[in-house]
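Novice: After the sequence you'll find the predicted model.
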Amino acid sequence: MIDERGERLIDRDLLVLMKAPPRAGRVQVAVEDGRDTWLVEFDTAIQTSRRSGLRGQLSRGRAFAGLLRQPLAVRGTPVPVAKQAGGAVVARACVIRCRRSVRSRLGRGRDRDLPRFGTLGAQCGFSVVQLLPVHDVSTTGPSPYAPVSAFALDPAYLSLDACEDSWRGWARSAAGRAAPAADAAKSAERVDWSAVREVKGAGIQLAFGALSCATSGTSARRAPVSSACT
Amino acid sequence: MKEQRAWLDDYALFSVLHARFNASWPTGRTVRAIAVGRVGERPADEHRDGMLQVKWLQWQLDSQWASSAPRSERSGVELMGDQPFTVAMDSADVVVAMATSSTRPHRASRRSHVTVGHDWGLPVFNWPP
């Protein structure tokens, strides 16, 4: 990846996390090997064993990284395409799930999972982890190309466990009530993004409802919230 | 939070009204509701709790992102997000523009001069002539 001054921003390996595609398919990506650019095809139907956990993701990540570093070994016939200015390698890695996420009722969200995955990426030789998309598309469907705001972040990424200390208890309570639906979503063979979003939304609703009830009679506790948000 | 009011208030109001009307496209009713809700820069009481939840959520998301980035860097990788190249037709930005001005964004026609590719229904800018 090259910045506007022509300087290399990142190293050769770039891992891109994208939301799970609604249907399995093949993605073609242009990959430079220093001399030529190759057209590399990826299968987006990445199957993950339920019991593989983080260790399985780690080995899968290494395999993926190795795949990217050797364009000639990629399945399919390499086809030279037009030269590109950048040298980044982009891969689609679906949504990362680990054992801690499964134990946690509503997932740890990016606050906890992303730094852990960063460590994993560093071990695999990656220098950048990019999350796509980060903007809110919650009201328009699963398409990442339909942001409902140029600024708002996607609520699906919220880690309820990592909310402010004073709300953590309510968040955990809410997460417990939404546990059956969350467990069903997480036990699916493939990531059901709509189900995850629905469960996370219910958890957020419950957590904020609990916050409102708990602070409705004590204006002193709610005052900082209202003051900060209005 | 107050520093983000330029977009956050409108986004919160849009989110609340969007959920109420369950609309998937800007309609006259939603646009009028946004316009009414923004009167005097003070939303109606009936929207206040809903908007508070939306703002609280964005506050938490921003805080969590801000804490994740340096922790990821310490682990050896840089954390990046992305920038949407445009917003959807059914978005806070477009609906608020329709509610507060005579702007009427329109989507690119499938039968325009572009003969290949996808029609994502995205609004196009109404550049001055």
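Specialist: That came through fine.

Novice: I'd assumed residue B:90 was in contact with residue A:146.
Specialist: Yes - between residue A:146 and residue B:90 a contact is recorded at 7.4 Å, counting by CB atoms under 8 Å. Using the backbone N, CA and C atoms, a C-beta is placed for each residue, glycine as well.

Novice: how far away is the residue of chain A at minimum distance from chain B from residue A:128?
Specialist: Residue nearest to chain B within chain A: residue A:122 (3.1 Å; CB to the nearest CB). Look at residue A:122 and residue A:128: by CB to CB, to the nearest Å, they are 10 Å apart.

Novice: Overlap of the contact sets of those two?
Specialist: residue B:77 (CB atoms under 8 Å, 6 or more residues apart in numbering or on different chains).

Novice: Compare those two (neighbour count), which wins?
Specialist: Using other CB atoms under 10 Å in any protein chain shown, the more surrounded residue of residue A:122 and residue A:128 is residue A:128, with 20 against 16.

Novice: can you pull up the bridge partners for that one?
Specialist: residue A:14, residue B:78 (DSSP bridges).

Novice: do the same with residue A:153
Specialist: In beta-bridge terms (that is, DSSP bridges), residue A:153 pairs with residue A:135.

Novice: how about it, what does it touch?
Specialist: A:134-136, B:58, B:61-62, B:65.

Novice: what's around residue B:84, how many residues?
Specialist: Using other CB under 10 Å, residue B:84 is surrounded by 20 other residues.

Novice: And for the one 5 residues further on?
Specialist: Other residues within reach of residue B:89 by the criterion other CB under 10 Å amount to 21.

Novice: As CSV, the contacts of residue A:153 with neighbour count would be great.
Specialist: Output for these, formatted as CSV (neighbours: other CB atoms under 10 Å in any protein chain shown):
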residue, neighbour count
A:134, 20
A:135, 22
A:136, 28
B:58, 25
B:61, 23
B:62, 15
B:65, 18
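
Novice: Could I get those in CSV, plus columns for distance to residue B:51 and pLDDT?
Specialist: Below are the contacts of residue A:153 laid out as CSV (distance: CB to CB, whole Å; pLDDT from 0 to 100):
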residue, distance to residue B:51, pLDDT
A:134, 22, 84
A:135, 19, 87
A:136, 15, 88
B:58, 11, 93
B:61, 16, 88
B:62, 16, 89
B:65, 21, 85
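
Novice: Which one of these is nearest to residue B:99?
Specialist: Distance to residue B:99, by CB to CB, is smallest for residue A:136 among those, at 19.1 Å.

Novice: The closest one against residue A:148, yeah?
Specialist: Yes - Residue A:136 is within contact range of residue A:148, at 5.2 Å (criterion: CB under 8 Å).

Novice: on that earlier part again, please, which helix or strand holds the residue of chain A closest to chain B?
Specialist: When elements are assigned from DSSP states H and E, residue A:122 belongs to helix A:109-124.

Novice: Helix or strand for residue A:151, just tell me which one.
Specialist: Judged by DSSP H and E, residue A:151 forms part of no helix or strand.
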